[in-house]
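1. build me a model:
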Amino acid sequence: MINTNKLISKFPEANIPIDGVLSRLIQAGEQQFIFMEFEKDIEVPSHSHNAQWGIVLDGEMEITISGKIYNLKKGDTYFIEKDEIHSAKIKAGYKDLTLFDQVDRYKEK
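-> Residues are numbered from 1 along each chain as shown. This is a model prediction of the structure:
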């Protein structure tokens, strides 16, 4: 079970195909907010999609955006332009809130 307060836990789980991620999907018109919590270390391979913004709520992540590496921790934000190649190394315990500029990035689980 995702460790969130009652407000977040009311939202449906997002169907994210990454083992060890717990998530909640918040549909916001033409965009989606995803609350994510990682139970173990994860490496996300290089990929691209519509624009993405996120804020780190807890833990640490190394994200590579267009070849530049950023080490993020609690309170840091990031922005990825549409179609910009990016990858990540996410440590267990990492939590964030991510906004995808895409109505259908993820479906309900």
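
2. give the helix, strand or coil label for the one residue sitting closest to the centre of the chain.
-> Geometric centre of the chain, nearest residue: Thr98, 4.8 Å, by CA atoms, centre = their mean. Using DSSP: H, G, I helix; E, B strand; the rest coil, the structure places Thr98 in strand.

3. now it, nearest residue through space, not along the chain?
-> Nearest residue to Thr98, sequence neighbours excluded (CB to CB, 6 or more residues apart in numbering): Gly54, at 4.0 Å. (Each C-beta comes from the backbone N, C-alpha and C, glycine too.)

4. pull up the pairing partners for the strand or helix carrying that neighbour, direction included.
-> According to DSSP states H and E, Gly54 maps onto strand 52-58. Sheet pairing for strand 52-58, assigned by DSSP bridges, gives strand 77-80 (antiparallel), strand 95-100 (antiparallel).

5. quick one: the following helix or strand past it to strand 95-100, angle?
-> Heading C-terminal from strand 52-58, the first helix or strand you meet, by DSSP H and E, is strand 60-65. Interaxial angle, strand 60-65 versus strand 95-100 (axes from the mean of the first three to the mean of the last three CA atoms, to 10 degrees): 30 degrees.

6. the residue nearest to Thr98 pairs with what?
-> Counting by DSSP bridges, Gly54 is bridged to Tyr78, Thr98.

7. surely it meets Tyr94?
-> No: Gly54 is beyond contact range of Tyr94, at 10.7 Å (criterion: CB atoms under 8 Å).

8. which one's more surrounded, those two?
-> Tyr94 (25 against 21; other CB atoms under 10 Å).

9. contacts only, for the more buried one.
-> By CB atoms under 8 Å, 6 or more residues apart in numbering, the residues touching Tyr94 are Met36, Glu37, Phe38, Val56, Asp58, Gly59, Glu60, Met61.

10. do you know the pLDDT at the last one?
-> Listed pLDDT for Met61 reads 98.

11. my read: it touches Ile90, true?
-> Yes: taking contacts as CB under 8 Å, Met61 lies within contact range of Ile90: 4.8 Å.
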